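[1] Quick one: sequence plus predicted model below, questions after.
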Amino acid sequence: MTDNPVVNTAEGNCPYTPTAQVTAPVQAPYESPYEIPRDPYRPQHTPVSPVTPPVAKSGRFEFTAFEKGFALVALVLGYLFNRFLFSDFAPGLGALIFFETALVCGMVYLLRQGAKLNGISICLAVVLLLYPVSFILSDNDVIKGFGALFEILLYMYWMYSASAGLRNFRQSFLGDALRSVFVNPFKNFVALPVAVFKPAKNAKTKVLRYVLIGLLVTIPFTAVIAALLLSSDEAFRNLIGIENLADEIGEFIVRFIFAIPVAMIIFSVLITSTRDKDYVKAKKGKAPNGRMNHIVFVTAFIPVILLYGAFFISQFAYFTNAFQSILPEEFTYAEYARQGFFELCAVVAINILMVVLTMLLCKKKENGHYSAGVKLMVCVLCLCSAALVAISVAKMIMYTSAYGLTHLRIYTLWLTAVMLLLVAVLFVKILAPKVSFWSSAMCIFLVMFLLLSLSNVDMLIAKYNVQWYKEGKIGWMGEEALYELDHSAVPYLDELFDDETKAVNEIAPEYQYYCENWYQEGKEEFYSDYYETVGEQVEGFYQYLASFDNGFVSMNLPESNAQAVFAKRGIEPFVDEYALEDELFDSYTEEA
């Protein structure tokens, strides 16, 4: 018997049929719409969360202890701004203290936040440091008012550019300047109250919050106690130097209320400058190129240049008189200087605008330069503009040599000088496109404004007018021009204190008629006003200036020097008799 018997595999004759190895079809795993399928490349033991939780981001108004501390610093700066900068609208020593304090605080904040100052930021910081000195070197309120505005705007730009790590100054100046002035002061305007009153999360911030609450609580109690002590003891009142505590407290409260919005703007500038993530650093590369064909601009410039040519040919003799200091027979000096002056300045401004638009819109060649036709037309237009500015300056200088200096004449010469420098920059820009017009214009304005602020305009007017008057080149400036000056003019006017020359050499017929009637009626005080001497007008001007006492906040060097001259001459402040009579009448009415 064999171990493996033969098995008949015929159908129906097989007593034993082995089980067939049948492979079942592979079915895909069940995919539930509520489950996330497994990743075949992920280990199966790693749990997969169906929904990834979002990462918690830091809130917009989450502040560190350092930033919360600077919120209090911003409040102090806001009060100093209201107390020192605009006290009697006469910036002086107080403005110097405020701006220097603000610069130191801004520098500390930037360095503490990790900002790295480049060369441009350091230069701007030096300007911000030195310019406020002009507030104590001059007494011209107009220039000092514009100077305060200039310092504020430059401070905003410096904070933003320094904290953003600006490197390419030329390509991003205009955008940064607009953003720093119109966006940053208001983007986080409500950040200060949040930083001050929001509950703290760490111990240091809690301490600052508790200190602030304690100061707020103690203010009314301290005020009441101080009022009682001042009313009880005269020696203590003299020591403190406060006569009426209620008035002082009321003034402090009003100033502090107006200081809050200023502090909110300051804190918004600080926070936005270091937290603004929307800033995109300018990339170095090709300068932006316009899309308009150069033929459009060449065609547009041709009629304008032909018009200038006809204008210069027709007025050649008229304009050459200005450079030769020859006055035409049909004009006076005033008429000749003002004839078309403002119109010529407007024409130059239009020319500058046309050239700027050409540089922005005209399509350049592949090498980044403008076409030869555009260069030629712009250069000719710049030369015409320079000629118009030179003619205006020559006419104004001739006018000044005949009548002396005034504020308006100096400001006019300064403005024409700025326009001439801008035309020169445009001339260079069209030949060398890599030169940045906006940064160059900003540097020109910065340097020119510094020269105007540090030149002490009133001192120059008094110095040269007195010198030319003594040399016989011009007549006396007159009482109206005299009273436009400030304390800076006193040391130079003191040379004419004893001058007995008549201040008014010629009197108009109508005034002569009134003078004779006043003399016949016995009104010598009115009659003598038209026959004052130069020395008497200078003495009256001294009395007028001596009546102003701006105090410590608005103190400056010209005022201190003038007070020494007043003491030497025995000048007493001018007293308005009519105002004094009104005060006496009001006092009698109150008593009655």
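    Sure thing, it's come through. Numbers count the residues shown, from 1 in each chain.
[2] Contacts only, for M377.
    M377 makes contact with 297-298, 301-302, 305, according to C-beta atoms under 8 Å, 6 or more residues apart in numbering. C-beta: built from backbone N, CA, C; applies to glycine.
[3] how about 7 Å then?
    Counting by C-beta atoms under 7 Å, 6 or more residues apart in numbering, M377 touches 297-298, 301, 305.
[4] quick one: it from F197, how far?
    According to C-beta to C-beta, to the nearest Å, M377 and F197 sit 62 Å apart.
[5] Likewise for L493?
    For L493, the distance to F197 - C-beta to C-beta - is 56 Å.
[6] Of the two, which one has the most company?
    Relative neighbour count places L493 above the other of L493 and F197, with 25 against 11, counting by other C-beta atoms under 10 Å.
[7] just to revisit the earlier point, and the contacts of M377 as CSV, adding neighbour count, pLDDT and secondary structure?
    Shown next, in CSV, are those (neighbours: other C-beta atoms under 10 Å; pLDDT from 0 to 100; DSSP: H, G, I helix; E, B strand; the rest coil):
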residue, neighbour count, pLDDT, secondary structure
F297, 25, 85, helix
V298, 18, 88, helix
F301, 20, 88, helix
I305, 14, 90, helix
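[8] These into JSON lines, with extra columns for distance to S453?
    Output for those, formatted as JSON lines (distance: C-beta to C-beta, whole Å):
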{"residue": "F297", "distance to S453": "38"}
{"residue": "V298", "distance to S453": "42"}
{"residue": "F301", "distance to S453": "37"}
{"residue": "I305", "distance to S453": "38"}
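[9] Can you pick out the most distant pair from the residues you listed?
    Spatially, the most separated pair among the contacts of M377 is F297 and I305, at 12.0 Å (C-beta to C-beta).
[10] how about the strands in this structure?
    Applying DSSP state E to the chain gives no strands.
[11] Would you map out the domains in it?
    Under the assignment automatic domain parsing, the domains of the chain span 65-275, 294-455, 470-591.
[12] I'd like to know which of these is closest to A462.
    domain 470-591 (3.4 Å).
[13] Can you give me the distance of L174 to L149?
    Taken as C-beta to C-beta, the span from L174 to L149 is 19 Å.
[14] Same drill for the two, tell me which one is more crowded.
    Neighbours per residue (other C-beta under 10 Å) separate L174 from L149, with L174 holding more: 15 against 10.
[15] gap between that one and M442?
    Applying C-beta to C-beta to L174 and M442 gives a distance of 9 Å.
[16] just V389 next, same as before
    Distance from V389 to M442, by C-beta to C-beta: 20 Å.
[17] Which one's more surrounded, these two?
    Per other C-beta under 10 Å, whichever of V389 and M442 has more neighbours is V389, with 24 against 17.
[18] what about the closest residue to the more buried one other than its chain neighbours, neighbour count?
    Once flanking residues are discounted, V389 sits nearest to L420: 4.6 Å by C-beta to C-beta, 6 or more residues apart in numbering. L420 has 17 neighbours, counted by other C-beta under 10 Å.
[19] looking at it, L420 is touching L388, isn't it?
    No: judged on C-beta atoms under 7 Å, L420 makes no contact with L388 at a distance of 9.7 Å.
[20] Sketch out the low-pLDDT regions of the stretch 301-450 of the chain for me.
    Applying pLDDT under 70 to the stretch 301-450 of the chain picks out residues 315-340.
[21] now the helices: where do they sit in it?
    316-323, 333-338, 341-361, 372-403, 407-431, 437-454 (DSSP state H, counting those that start in this stretch).
[22] go on, the stretch 51-200 of the chain?
    Under DSSP H, counting those that start in this stretch, the stretch 51-200 of the chain gives helices at 65-80, 93-112, 119-130, 134-137, 141-163, 169-182, 184-187, 191-197.
[23] ranking these by mean pLDDT, which is last?
    Note on these: lowest mean pLDDT is at helix 169-182, with a mean of 71.
[24] got a list of contacts for that one?
    Contacts of helix 169-182 (C-beta under 7 Å, 6+ apart): 120, 153, 156-157, 160-161, 166, 282, 436, 438-439, 442.
[25] Can I have the buried ones of the residues you listed as a ChimeraX selection?
    Selecting only the buried entries of the contacts of helix 169-182 in ChimeraX, with 16 or more other C-beta atoms under 10 Å as the criterion:
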select :120,156,157,160,161,166,436,438,439,442
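[26] Out of the contacts of helix 169-182, the closest to T274 would be?
    Y160 (9.4 Å).
[27] what about that closest one, distance to R275?
    11 Å.
[28] Which parts of stretch 109-126 count as buried, going by neighbours?
    Quick answer for stretch 109-126 (16+ other C-beta under 10 Å): 109-110, 113, 115, 117, 120-121, 124-125.
[29] Pull the CA coordinates from that stretch and hand them back as CSV.
    Extracted in CSV, the C-alpha atoms of stretch 109-126 (Å, rounded to 0.1, in the frame of the first residue of the first chain):
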residue,chain,number,x,y,z
TYR,A,109,13.2,103.6,24.2
LEU,A,110,14.7,102.7,20.8
LEU,A,111,17.9,101.3,22.2
ARG,A,112,16.0,99.3,24.9
GLN,A,113,13.7,97.8,22.1
GLY,A,114,16.7,96.7,20.1
ALA,A,115,16.8,99.3,17.4
LYS,A,116,20.1,99.8,15.6
LEU,A,117,20.9,103.4,14.5
ASN,A,118,22.5,103.9,11.2
GLY,A,119,24.5,106.9,10.0
ILE,A,120,21.4,108.8,8.8
SER,A,121,19.5,108.2,12.1
ILE,A,122,22.6,109.4,14.0
CYS,A,123,22.8,112.6,11.9
LEU,A,124,19.1,113.3,12.4
ALA,A,125,19.5,112.8,16.1
VAL,A,126,22.3,115.3,16.2
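[30] 29 is where my numbering starts, stick with that
    Happy to do that; since the first residue is 29 now, the last one works out to stretch 137-154.
[31] need the helices for the stretch 479-620 of the chain, in chain order.
    So, for the stretch 479-620 of the chain - with DSSP H, counting those that start in this stretch - the helices run 485-498, 507-510, 518-521, 537-548, 552-555, 562-574, 585-597, 605-619.
[32] Which one, of the helices of the stretch 79-228 of the chain, ends up nearest to T561?
    helix 169-191 (29.2 Å).
[33] so what secondary structure elements neighbour the closest one?
    Packing contacts for helix 169-191, counted by 3 or more C-beta pairs under 7 Å, 6 or more residues apart in numbering; DSSP states H and E, involve helix 121-140, helix 147-158, helix 197-210, helix 212-215, helix 273-303, helix 465-482.
[34] how about 6 Å then?
    helix 121-140, helix 197-210, helix 273-303 (3 or more C-beta pairs under 6 Å, 6 or more residues apart in numbering; DSSP states H and E).
[35] Distance to A374 added to the ones you listed, as CSV?
    Output for those, formatted as CSV (distance: least, C-beta to C-beta, whole Å):
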stretch, distance to A374
helix 121-140, 34
helix 197-210, 24
helix 273-303, 35
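[36] To I599, which of those helices lies closest?
    helix 121-140 (23.2 Å).
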